[in-house]
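In: Pasting a predicted model and its sequence here:
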Amino acid sequence: MDFATASSVVLETLTKATSQDQTILKPAEQQLKQWETQPGFYSILVTIFSNHAISLNVRWLAVLYFKNGVDRYWRRTAPNMMIKESPGLVRRRAVTISEIYAIPEEEKNQLRKQLIANFNEPVNQVATQLSVLIAKVARVDCPRAWPELIPTLLEAVKSPEVLLQQRALLTLHHVTKTLATKRLAGDRKIFQELAGNVFSFVYNLWNSHTETFLQLVATSPGNTDQLLLPLERCLLTLKVCRKLAVHGFKAAETMPDVMALLNATYPRIKSLLPLRKDFSTHAQLKEKLEKLIILLTKVLLDMQEYHAVAFVPFIQPTLEFTVSYVFTETGEGLLFERFTVQCLNLVKAIIKCDKYRPAKEISETKEPATIEAYKAKMSFFTCATLTEICTRLILQYFPLTEEDLQAWDADAEDYITDEGGESWKFTQRPCVEVFFMTLFHEFCETLTPCLLQMVQTVQGPVNPDDVRALLQKDAVYNALGLASYELYDVVDFDQWFQNQLLGELQCKHPRYKIIRRRVTWLIGQWIGVKLSVDLRPMMYDALLPLLGTEEDLVVRITAANTLRIAVDDFEFKSEQFLPYLERSFSLLFHLLQQVSECDTKMQVLHVLSFVIERVGPEIRPYVSSLVQYLPMLWEESAEHNMLRCAIITTLIHLVQGVGPLCMNLFPFLLPVIQFSTDVTQPPHVYLMEDGVDLWHMTLQSSTSVTPELLQLFNNMPALLELGSETLRVCFSIVDSYVLLGPGEFLQMYSGMLHALLSDMMTDLRPEGVTHICRVIENMFRVFPVEAPQLFPDILSHCFKAVLDKEELPQLMSMYLVLIARVMLQNNAFFFTFLSSLASKLGQQPGEVLGTLLDIWMERLDCISQPERRKLSALALASLLVSTEKVIVERFCAIVNCCVEILHDCCREDFTDILLMTENDPPPEEEMEMMEEDRRRRQLSIKDPVHSVSLRDFVQAKLHECQQTHGQDGFQTLMDTVDIEIKEQLQRFIK
C-alpha cells in the first residue's frame, strides 16, 4: 500500500474514532492500536495533524496518538510490553523481551524534521499538545540525536511573525521544562551547557517583552485585547528563564544575568500589582497578570530552595518586600490570595532554611554565607517587627471571614473537611497557620509575651451578638492551640481548662458555636501536651454533650475528632473512660447516621474504631446498633471505595473487640471479606489490604470453622499468585485455618496448597520461603503422621537444600526444623522418604543420611531459637537406638549436640525450661488472649518440644541404646565421646 492510500485509510479510521457511536468508535480504536507498532504510521499522523483543512477533532486525535506513541515506542529499545515486578516477598524474575517495537531510526529522522519545519498551528489546544510532543521527543533525543532543535526554536523566537514567534516560545518553554527534569549527571551537564548558551538571550527577550507590555499599558490602557499578546510572551519567556536559572547553573551567584533576574523581580511585581487592580474588570487580562505575578514569586522561591547561598544577598530585600505587602498598609487593595500565600511561603522558607542557621556558637560557623544570612534575618526580625507580624497574623488573617461563616451555615460537612497534605502551599488559611507555627517556633521567646497578652485581652465572657469579638477570641484561641508545644512551660492548661474553657462550653447561644467549636478543638490540641490524666473524666463530661443532636454539626464533628485524640493518647486509661463508653458510643453512632458526606462518615468511623480498639471486650454490650447499620452503609457506599476501606477497618476492630461473638456477624462479615479479597472485582485494589487483615482477624477470633468460612479460601490462590505486599498476611491466614479447622481444611485444600506453595518456594525471596516453612511446620505439628505425606515436593526441596549446604542461616534453620519434625514424629515415613529421595539422586540411603547428619550437626548453630534447637536434639537423640552403621559412626557427634543443647534447655536443677502442662498457671494476659492464642497454647502443650523433657528423653534413648548394643558395645560407643562431654552428660542424666 502506497503512502497516499495508507494516509487516506488512517484518516478515515481517525474520523471514525471521533464518532460518538460506540459501534463505530470501538473498532476504530482497536485498529489504531494495532497500527501503533507499524512503520510509517507516525509519518502519516504528522501529515494529518499538519493539514489545517482537516477537522479539528481528527487533528487533535492524531496529535494525541503521536504523543502516546512517543511514550511507548520512541526509545531505541522500546519493548512490546511492560512487565511490572510485584513488591513484597516475590523474587525478581528474568524477563525476556521477544520483540522490539521501536520506531525505525530512518522514520524518526524524518519525523524530527517535520515537527520543527514550521510553527504555524492556529489552534491553541493543538499547539500546546504539539509542544508537549516535541518536548517528549527532546527528552530522549536532544541534543545528541537532535542538535538542531534549540537553534531552530531560538531562530523562530526572533521571527517578526506573531503566530510563529508565539508557537516557538510555547515549544521552547515545554522543551526547557522537560529537559530540566532529567536528573542523571550527564543530562544535567548537557542542560547546564544549554542554559549557559541561551539564558542571556531569553532573559533579554523577557525584559524586552515586559517593557513592551508596560509601554502599551501606558500609551493604550483602554485597548485591553492588544495587551494580551505581549503579556502572554512575558509569561512564556519568564517560564523558560525560571527553569534555566534554577536548574541550569551550579553556582548561580556567578552568573550576572541570573542575579539581574532576581533583582528585577521586586520592581516588576510592584509595577504589576496596581495593574491587576486597574484591570480587575477584564477577567482574561487580570488572570494573566496574576499568573505573571505568581511566576515572579516562584522564581524567588525556587532560587531560595535550590540556590540558598546565591540567594543570601536577596534575603533582606525579600523580607522587606513581602512583609511590607502582607503586614502593612502597602498591600491594601493590591493583595490577592495566591500572592499572599507565596509571600508567606517565601518568608517561611527563609526562616526554616538550614543553610541560614549558624552553629550554637556563632564563632564556630565556617561558612561566611551562613553568618551573612543569619545577620540579615536577625537584623530584620526585631522584637517590634515580630510583634507586629504576630499581631496582624492573628487579628487580620486568623479570624473567620464572612465567606467562612456562610460556608459553615450552608454546608457544615464540606466546611470542616480537613484540607491536610500540602494545602498550605496553595490555600491561604492553612498557609497562614503553618507560617505562624514556623514563626513562633523560631522566635518563641519574643512572641510568647505577645500571644499571652492577646489571650488576656480576650479572656472572660463575650456578648454573643458581638460577632467581631467572637471572631477575635476564636483567632487568639486558634493561635494558642497551634503554639501548644511551644507554650508547654508557660501556660497552666489544667487551671485554664477548669476556670475558663469549661465555662465557654456552657454558653449555648447559636452564635457562640464559633467559640464552642474552637474550645473543643483547642482541648484536642493540648491533650497530648499538658492535660492531666486526673482531669480526663472532667474532659469527657464536657465533650459528650457537644456530640448531642441538638448541637451544631461542625461542633459535633470537632468534638468527635477531639474524643479520638483523647482515646488515642498515650496516657489514655480505659477504666476512666468506661463510665462514658455507652453514651459516647451511642452519640458517635447517631452522628455517623446523620452525616451524609463520605469524608465525614470516614472520620466518625475512625473515631468509633479507636474507641472499640482501646476498650477491647468492654465494647460488646454496645455494638448491636452499629452491627445493624454497617451492612446498609456498605451497600450505600458501593461507589466510594475509601469509605468501604473505613468500614472494613472498623470491622477489624469490631471483630477484635467482640472476640468469639464475631461468628454471629458472619452473614455480613464473610461477604465483605469475599468481595474485598476477590481479585476479579475492580475495587480489590482499594480493599484487598484491609480485606485480608479482616479475614485474618476473623479466623483468629472464631471458635470453629464453618463451611462458609472454608469456602472463602477459594480466593486465596489468586492472592498468593498476585505476590503483593499482603503475602505475609496471606500465609498467616493459611496458618490460622490450620489451627482453626485442620481436618476439614486440609481435606479440602491440601492438594491446592501443595501445588501453590511448591511453585512459590522457587519464586520467593528467603523471607517468603521462611513464611512457607512456618506454615508447613504448623501442619506437621497438628498432623505429625498425615501432613508430611501431603507435601512431598516441599519436603524434597528442604532435603535437597540442606544437602546442597544452603548458605542462608534462616533458611537452613527452617529446613532442618521440618526435617527434624518428620524424623521425630513420623520416623517410618522419614526413612521411606529418604530411600525414595536417595533413589532419585542415584545414591544409597545410608550415604544420603550420613551427609544429611554431617551437615545438620555442622550447621546446628544456624538454629538460634531454644525451641528449635531442642527439636533438633530430640530428633537426633531418637536415632541413638539405631544399629545402622551410618548412625553408629556418628554416635559421638550426636551425643555432643545433645549435651550442647541440654545446656541451653535446662535450669541449674536440670529441669527443662521449655516444658508446659495444662496445670501451668495461665499467662497474665489470658483475659486479652484471642481464641487463636488459646489454640496455639493447646498445640504447644501437646508438642514434644514442650511436653517431653530433653534430659529424660536422652537418658531413655541412651538406655535403649545400651540394651540394643549390649553393655560392651555401648561402652565402646561411649568411649568415643570426649571425657569432658561425658562428664557433663553424666551430670545431666545421673
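Out: Okay, I see it.
In: ok, Glu161 to Arg167 distance?
Out: Glu161 sits 10 Å away from Arg167 when distances are taken as CB to CB, to the nearest Å. In short, each C-beta sits where N, CA and C put it, glycine included.
In: Comparing the two, which residue is more hemmed in?
Out: A direct count of neighbours by other CB atoms under 10 Å for Glu161 and Arg167 places Arg167 higher, at 25 against 12.
In: which residue packs closest to the more buried one, ignoring adjacent ones?
Out: Excluding the flanking residues, the one nearest Arg167 by CB to CB, 6 or more residues apart in numbering is Phe119, at 3.7 Å.
In: quick one, what contacts that neighbour?
Out: For Phe119, the contacting residues are Ala156, Leu163, Leu164, Arg167, Ala168, Thr171, by CB atoms under 8 Å, 6 or more residues apart in numbering.
In: So what's the residue count around the first one?
Out: In other words, Ala156. 20.
In: The strand or helix carrying it: which residues count as buried?
Out: Element membership of Ala156, judged by DSSP states H and E, is helix 149-157. By 16 or more other CB atoms under 10 Å, the buried positions in helix 149-157 come out as Leu149, Ile150, Thr152, Leu153, Leu154, Ala156, Val157.
In: Columns pLDDT and distance to Arg907 on top of those residues, output as a markdown table?
Out: Output for those, formatted as a markdown table (pLDDT from 0 to 100; distance: CB to CB, whole Å):
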| residue | pLDDT | distance to Arg907 |
| --- | --- | --- |
| Leu149 | 93 | 81 |
| Ile150 | 92 | 81 |
| Thr152 | 93 | 86 |
| Leu153 | 93 | 84 |
| Leu154 | 91 | 86 |
| Ala156 | 92 | 89 |
| Val157 | 91 | 87 |
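In: Reformat the residues you listed as CSV; add distance to Phe435.
Out: CSV is the format used below for these (distance: CB to CB, whole Å):
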residue, distance to Phe435
Leu149, 42
Ile150, 40
Thr152, 45
Leu153, 40
Leu154, 41
Ala156, 43
Val157, 39
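In: Quick check: which ranges of the stretch 201-350 of the chain have low pLDDT?
Out: By pLDDT under 70, the stretch 201-350 of the chain has no low-scoring segment.
In: related to what we said a few turns ago, between the buried residues of helix 149-157, which is closest to Leu757?
Out: Leu149 (55.5 Å; CB to CB).
In: residues near Gln459, how many?
Out: 13.
In: So which bits of stretch 647-655 are buried?
Out: Buried residues in stretch 647-655, counting neighbours by 16+ other CB under 10 Å, are found at Ile647, Ile648, Thr649, Thr650, Leu651, Ile652, His653, Leu654, Val655.
In: The second one: helix or strand, and which one exactly?
Out: Following DSSP H and E, one finds Ile648 within helix 641-658.
In: any residues touching that helix, and which ones?
Out: With contacts defined as CB under 8 Å, 6+ apart, helix 641-658 is touched by 598, 601-602, 605-606, 608-610, 612-613, 615-620, 623, 626-627, 630, 633-634, 637, 662, 665, 669, 672, 676, 683, 686-687, 690-691, 693-694, 697-698, 701, 930.
In: got it, and stretch 604-614?
Out: With CB under 8 Å, 6+ apart, stretch 604-614 has contacts from 557, 560-561, 563-564, 567-568, 572, 574, 577, 581, 584-585, 588-589, 591-592, 595, 619, 623, 626, 643, 646-647, 649-650, 652-654, 656-657.
In: Please indicate which of those residues are buried?
Out: Judged by 16+ other CB under 10 Å, buried ones among the contacts of stretch 604-614: 557, 560-561, 563-564, 567-568, 572, 577, 581, 584-585, 588-589, 591-592, 595, 619, 623, 626, 643, 646-647, 649-650, 652-654, 656-657.
In: picking up where we left off before, what helices or strands is the helix or strand that the helix holding Ile648 is followed by leaning on?
Out: Per DSSP H and E, helix 641-658 leads on to helix 666-676 as the next helix or strand towards the C-terminus. Counting contacts by 3 or more CB pairs under 8 Å, 6 or more residues apart in numbering; DSSP states H and E, helix 666-676 packs against helix 624-636, helix 641-658, helix 684-701, helix 707-711.
In: so can I have a markdown table of these showing distance to Asp735?
Out: Formatted as a markdown table, the helices and strands packed on helix 666-676 follow (distance: least, CB to CB, whole Å):
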| stretch | distance to Asp735 |
| --- | --- |
| helix 624-636 | 28 |
| helix 641-658 | 18 |
| helix 684-701 | 9 |
| helix 707-711 | 15 |
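In: Buried by neighbour count: which residues of the host helix or strand of Ala62 qualify?
Out: Ala62 is located in helix 56-73, with elements delineated by DSSP H and E. Judged by neighbour count using 16+ other CB under 10 Å, the buried positions of helix 56-73 are 58-63, 65-67, 69-70, 72-73.
In: how far does whichever helix or strand comes after it sit from the chain's center?
Out: Using DSSP H and E, the helix or strand that directly follows helix 56-73 along the chain is helix 105-115. The chain centroid and the centroid of helix 105-115 are separated by 42 Å, computed with CA atoms, centre = their mean, to the nearest Å.
In: Could you tell me how many residues sit around Lys508?
Out: With neighbours defined by other CB under 10 Å, the count for Lys508 comes to 12.
In: quick one: low-confidence parts of the protein?
Out: Residues of the chain that meet the cut-off, pLDDT under 70, sit at 1-3, 77-101, 418-421, 922-928, 990.
In: just to revisit the earlier point, which phi and psi does the residue nearest to Arg167 have?
Out: Main-chain torsions, Phe119, degrees, to the nearest 10: phi -120, psi 70.
In: What of Met716?
Out: Note on Met716: its backbone torsions stand at phi -70, psi -40 [degrees, to the nearest 10].
In: Beyond the longest helix anywhere in the chain, next helix or strand please.
Out: Longest among the helix segments of the chain by residue count, using DSSP state H, is helix 185-219. On the C-terminal side of helix 185-219, the nearest following helix or strand under DSSP H and E is helix 224-247.
In: If you count contacts, what does the next helix or strand after that next one end up packed against?
Out: Using DSSP H and E, the helix or strand that directly follows helix 224-247 along the chain is helix 256-278. Here helix 256-278 touches helix 185-219, helix 224-247, helix 283-306, helix 315-327, going by 3+ CB pairs under 8 Å, 6+ apart.
In: Can I get these in TSV including mean neighbour count and distance to Lys33?
Out: Formatted as TSV, the helices and strands packed on helix 256-278 follow (neighbours: other CB atoms under 10 Å; distance: least, CB to CB, whole Å):
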stretch	mean neighbour count	distance to Lys33
helix 185-219	17	32
helix 224-247	21	35
helix 283-306	18	38
helix 315-327	20	52
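In: Trp408 is nearest to which of those?
Out: Across the helices and strands packed on helix 256-278, Trp408 has its closest neighbour in helix 315-327 (25.6 Å, CB to CB).
In: I'd like to check the angle between that closest one and helix 283-306, please.
Out: 140 degrees (axes from the mean of the first three to the mean of the last three CA atoms, to 10 degrees).
In: how far off helix 256-278 does helix 315-327 point, in degrees?
Out: Going by the same axes, to 10 degrees, helix 315-327 makes 10 degrees with helix 256-278.
In: Return the list of helices and strands in contact with helix 315-327.
Out: helix 256-278, helix 337-352, helix 368-380, helix 383-392.
In: okay, those, which one's buried deepest?
Out: Ranked by mean neighbour count, these are led by helix 337-352 with a mean of 20 (mean count of other CB atoms under 10 Å).
In: Just the residues contacting that one, thanks.
Out: For helix 337-352, the surrounding residues in contact (CB under 8 Å, 6+ apart) are 273, 290, 293-294, 297-298, 300-301, 304-305, 315, 318-319, 322-323, 325-326, 356, 377, 424-428, 431-432, 434-435, 438-439, 442.
In: need the contact list for the closest residue to Asp933 other than its chain neighbours.
Out: Using CB to CB, 6+ apart and skipping the chain neighbours, the partner closest in space to Asp933 is Gln700 (8.0 Å). Residues near Gln700 by CB under 8 Å, 6+ apart: Ser736, Met930, Glu931, Glu932, Asp933.
In: just Lys250 next, same as before
Out: Neighbouring residues of Lys250 by CB under 8 Å, 6+ apart: Gln192.
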